[in-house]
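Asks: take a look and give me a structure for this.
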Amino acid sequence: MTSPLLPQPKSLIEYLPARICSSADLPWIPDSPEKSWKPLRFFADGRGFVELLRMAPDAVMPLHRHTGEIHAYNLSGQRQLCTGEVLGPGDYAYEPPGNIDWWKVVGDEPMTVLVVVMGTVEFLGPGQVVKARASAQTQLKAYHDYCQQHGLPLLDLVD
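Replies: A predicted model of the protein is given here:
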């Protein structure tokens, strides 16, 4: 059934190319014993990235600032925001550009979150001095380095 409200494709080719990858084909890249991430997509021109983030119980995501918006969907486990809210499986959080926060994994289960990061995440020290940054460029380099060090195939995850 066609709808006069939706544009009709001339052929199925107009729907291509979809970029599909199996999460099972991508490595978990450890940042620390408590935190690892799995890259899913890096946006062109350094606009941002998409990842699965996994953290162990009691792990803390330190104070950080977002230069762009963040979309986070909890898949498993729970985390408590610095404002006191607890997010669990099925909960979604939107963080606007400029947001500064920290949070902690709570409960006995590891937490996994699907995260869409636009812009850069700036990790802050005393006086809100930037100590480190996570951006499309830094995450892509970490992915390339990890694959090279472990003899893994490098998948095309860049738009």
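Asks: quick one: contacts for the closest residue to Glu34 other than its chain neighbours?
Replies: Leaving out its chain neighbours, the residue that sits closest to Glu34 by Cβ to Cβ, 6 or more residues apart in numbering is Ala59, at 3.8 Å. To be clear about C-beta, it is placed using only N, CA and C from the backbone, and glycine gets the same treatment. The contact partners of Ala59, taken as Cβ atoms under 8 Å, 6 or more residues apart in numbering, are 34-35, 104-105, 111.
Asks: ok, 7 Å please
Replies: 34-35, 105 (Cβ atoms under 7 Å, 6 or more residues apart in numbering).
Asks: from those, which single one is nearest Thr138?
Replies: Lys35 (14.8 Å; Cβ to Cβ).
Asks: give me the phi and psi angles of the closest one.
Replies: Main-chain dihedrals, Lys35, degrees, to the nearest 10: phi -140, psi 130.
Asks: quick check: beta-bridge partners of the nearest residue to it once chain neighbours are set aside?
Replies: The shortest distance from Lys35 to any non-neighbouring residue, by Cβ to Cβ, 6+ apart, is to Met55 (5.0 Å). With DSSP bridges applied, Met55 shows beta-bridge pairing to Lys35, Met111.
Asks: thought Met55 was touching Glu109?
Replies: No - shown here, Met55 and Glu109 do not form a contact pair, counting by Cβ atoms under 7 Å, at 10.6 Å.
Asks: and the two? which has more neighbours close in?
Replies: Met55 (23 against 14; other Cβ atoms under 10 Å).
Asks: and the more buried one, what pLDDT?
Replies: Confidence at Met55, expressed as pLDDT, is 98.
Asks: OK, contacts around it?
Replies: Residues in contact with Met55 (Cβ under 7 Å, 6+ apart) are 34-35, 105, 110-111.
Asks: just the buried residues of those.
Replies: 34-35, 105, 111 (16 or more other Cβ atoms under 10 Å).
Asks: Lys131: which of the residues you listed is nearest?
Replies: Nearest member of these to Lys131, counting by Cβ to Cβ, is Lys35, at 15.5 Å.
Asks: what's the burial count for Lys66?
Replies: For residue 66 the amino acid is His, not Lys. His66 has 19 nearby residues by other Cβ under 10 Å.
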